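*Asks:* quick one, structure for this:
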Amino acid sequence: MSSCKVSIITIVYNMADKIEATILSIINQTYSNIEYIIIDGGSIDGTVDIIKKYESKITYWVSEPDNGIYDAMNKGIEKATGDWINFMNSGDYLIDENVIEMFTNLHDSNADIVYGDTINNIAKMDISYLQKPYPVECIESNMIFCHQSAFVKTILMKAILFDTKYKVKSDYNFFLHCYRDNKIFQYISIPIAVFDYDTGVSSNFKINRREKAQIQGIEHKISWKMKYTLEYIIWKFRYYVKTNLPHNILKKYFRRRVNKYNKILTKEDC
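*Replies:* Numbers count the residues shown, from 1 in each chain. Purely as a prediction, here's the structure:
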């Protein structure tokens, strides 16, 4: 059995209704060599009281203002002393109490980044579905896995950190940089985390698309601007449909749409 130390970092700000589930999923792991770090952005809604309730199980925590989620994540990285880092932010949680032990048994020690499957939870639609990652070469086009289902060697994270000029896509920037620098990615075919789809940071269409284009170096190309305009029109139409269709019809639409994510994805799906 591996004896590697895993640092799990939770970023939270004013999420008293969700932080406890995240904390419990980590402190109840069967694997013992876990360092748990919580970076709170200065919550005033009772979040800190919940953190204090479990502080005997938390290696380090702080509550102070930050300059955005990636600044907070960098603070967590700087405090980490484990071999691997995983981010399990408030609202998200580990799939079960054995998953970290499974990771330590399945990962390749030569890998730089290890990632698995994700359960996406759309609470508003009462829908949860399994999200398989895309093939690693698809990262040139988009994020290939959920960040919460990834483990990164601490030495690598400390060397690069997250670029705080990006508001929603700095994790994509980090992993794309690693891919282009020939870091070793390993996929393990197990679900790692449940991702809270309703509160994910990357929900703003304009910022999401523009930052991704900046990272890829294509934001000034006419072809990208034309594609962006078309995608924005489609997004606005879908947004209108989602906000005006009866809930039961919308739920059926979502269920049909998510079926494709349960399969093994190929490069053609990029």
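*Asks:* would you mind writing the CA trace of the helix or strand containing Ile11 as PDB?
*Replies:* Per DSSP states H and E: Ile11 is located in strand 6-12. Provided in PDB are the C-alpha atoms of strand 6-12 (Å, rounded to 0.1, in the frame of the first residue of the first chain):
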ATOM      1  CA  VAL A   6      -2.200  13.700   0.100                       C
ATOM      2  CA  SER A   7      -3.000  17.400   0.700                       C
ATOM      3  CA  ILE A   8      -6.700  18.200   0.100                       C
ATOM      4  CA  ILE A   9      -7.500  21.900  -0.100                       C
ATOM      5  CA  THR A  10     -11.000  23.400   0.200                       C
ATOM      6  CA  ILE A  11     -11.700  26.900  -0.900                       C
ATOM      7  CA  VAL A  12     -14.900  28.500   0.500                       C
END
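*Asks:* so the residue nearest to Asp117 when sequence neighbours are not counted: helix, strand or coil?
*Replies:* In space, and not counting its chain neighbours, Asp117 is closest to Pro191: 4.3 Å by CB to CB, 6 or more residues apart in numbering. The way it works is simple: take the backbone N, C-alpha and C, and place the C-beta from them, glycine included. Recorded secondary structure, Pro191: strand (DSSP: H, G, I helix; E, B strand; the rest coil).
*Asks:* ok, Pro191 to Tyr115 distance?
*Replies:* 11 Å (CB to CB, to the nearest Å).
*Asks:* which stretches of this protein form strands?
*Replies:* 6-12, 34-40, 60-63, 84-87, 93-94, 113-122, 127-131, 150-153, 185-196 (DSSP state E).
*Asks:* ranges for the helices of the stretch 151-270 of the chain?
*Replies:* Secondary structure of the stretch 151-270 of the chain by DSSP state H, counting those that start in this stretch: the helices cover 154-160, 170-180, 205-216, 222-244, 247-258.
*Asks:* compare these and give me the one nearest Gly68.
*Replies:* Closest to Gly68 of the helices of the stretch 151-270 of the chain is helix 170-180 (CB to CB; 9.0 Å).
*Asks:* return the list of helices and strands in contact with that closest one.
*Replies:* The helices and strands touching helix 170-180, judged by 3 or more CB pairs under 8 Å, 6 or more residues apart in numbering; DSSP states H and E, are helix 154-160, helix 205-216.
*Asks:* which one of those has the lowest average pLDDT?
*Replies:* Of all these, helix 205-216 carries the lowest average pLDDT, namely a mean of 89.
*Asks:* what angle do it and helix 170-180 make?
*Replies:* Angle, helix 205-216 to helix 170-180, by axes from the mean of the first three to the mean of the last three CA atoms, to 10 degrees: 20 degrees.
*Asks:* same for helix 205-216, what does it pack against?
*Replies:* helix 170-180, helix 222-244.
*Asks:* so what touches the first one?
*Replies:* Okay, so that is helix 170-180. 70, 112-113, 136, 139-140, 142-144, 147, 150, 156, 160, 162-164, 166, 185, 211-212, 215-216 (CB atoms under 8 Å, 6 or more residues apart in numbering).
*Asks:* just to revisit the earlier point, Pro191 and Tyr115 - which one has more neighbours?
*Replies:* Of the pair Pro191 and Tyr115, Tyr115 is the one with more neighbours under other CB atoms under 10 Å, namely 23 against 18.
*Asks:* check what pLDDT that one gets.
*Replies:* For Tyr115, the predicted pLDDT is 98.
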